[in-house]
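Chemist: Give me a 3D structure for the following:
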Amino acid sequence: LSEIKELVKTRPANRCKLLFLGVDWYRKGGDVALKVAEGLNNLGLDTELTVVGCQPIVEGSLPSFIRSLGYISKSTIAGKERINQLIAESHFLILPSRAECYGVVFCEANSFGVPCISRKVGGIPTIIKPHINGNLFDLNADISEYCDYIYRLLTNYTDYQDLALSAFHEYESRLN
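Modeler: Presented below is the predicted three-dimensional model:
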């Protein structure tokens, strides 16, 4: 637990680091994640969206707030370490999937004290408990709902830290 507390403390309180991990941009909700990052930046919260697993599909050039790293293989030690590092340094895993059976990646994120942002589809609600280890949104939720939730937590940083530690507790007690 002390390691996780230290990890959470190293995350910047003045900016938001979102991580999108998925090989199917549309099914995994990459378009929504992009709009959330854009919305948070528009609210004045310096936000970066790191995309791993696929190329973001955007009209025109990639916005400056997106860091696209492509596919990183977890079958190599270096790849697994890189993904773990990316998860550990992120404030949230954002994967607003349109369809998902379960989503082991949510459990992996919680193991680093990283809360998850997703949708109420498939098996995801069996993993993510609202305000305990992240939050779930309806399929037709407005982007502002995601932005308001994240903005409120990161502008009340102790609330974010409490959620991050709660996410780790969920991993330890239920999701490992």
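Chemist: mind checking which helix or strand the residue nearest to residue 38 when sequence neighbours are not counted is in?
Modeler: Distances taken as CB to CB, 6 or more residues apart in numbering place residue 63 nearest to residue 38, at 6.8 Å, with adjacent residues excluded. Every C-beta, even on glycine, is put in place using the N, C-alpha and C of the backbone. Assessed by DSSP states H and E, residue 63 sits outside every helix and strand.
Chemist: So which helix or strand of the chain has the lowest pLDDT on average?
Modeler: Across the helices and strands of the chain, mean confidence by mean pLDDT, DSSP states H and E is lowest for helix 2-10: a mean of 95.
Chemist: With just CA atoms, put that helix into PDB.
Modeler: C-alpha atoms of helix 2-10 as PDB (Å, rounded to 0.1, in the frame of the first residue of the first chain):
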ATOM      1  CA  SER A   2       2.800   2.400   0.800                       C
ATOM      2  CA  GLU A   3       4.200   1.800  -2.700                       C
ATOM      3  CA  ILE A   4       0.800   2.700  -4.200                       C
ATOM      4  CA  LYS A   5       0.500   5.800  -2.000                       C
ATOM      5  CA  GLU A   6       3.900   7.000  -3.300                       C
ATOM      6  CA  LEU A   7       3.000   6.200  -6.900                       C
ATOM      7  CA  VAL A   8      -0.200   8.200  -6.600                       C
ATOM      8  CA  LYS A   9       1.700  11.200  -5.000                       C
ATOM      9  CA  THR A  10       4.100  11.300  -8.100                       C
END
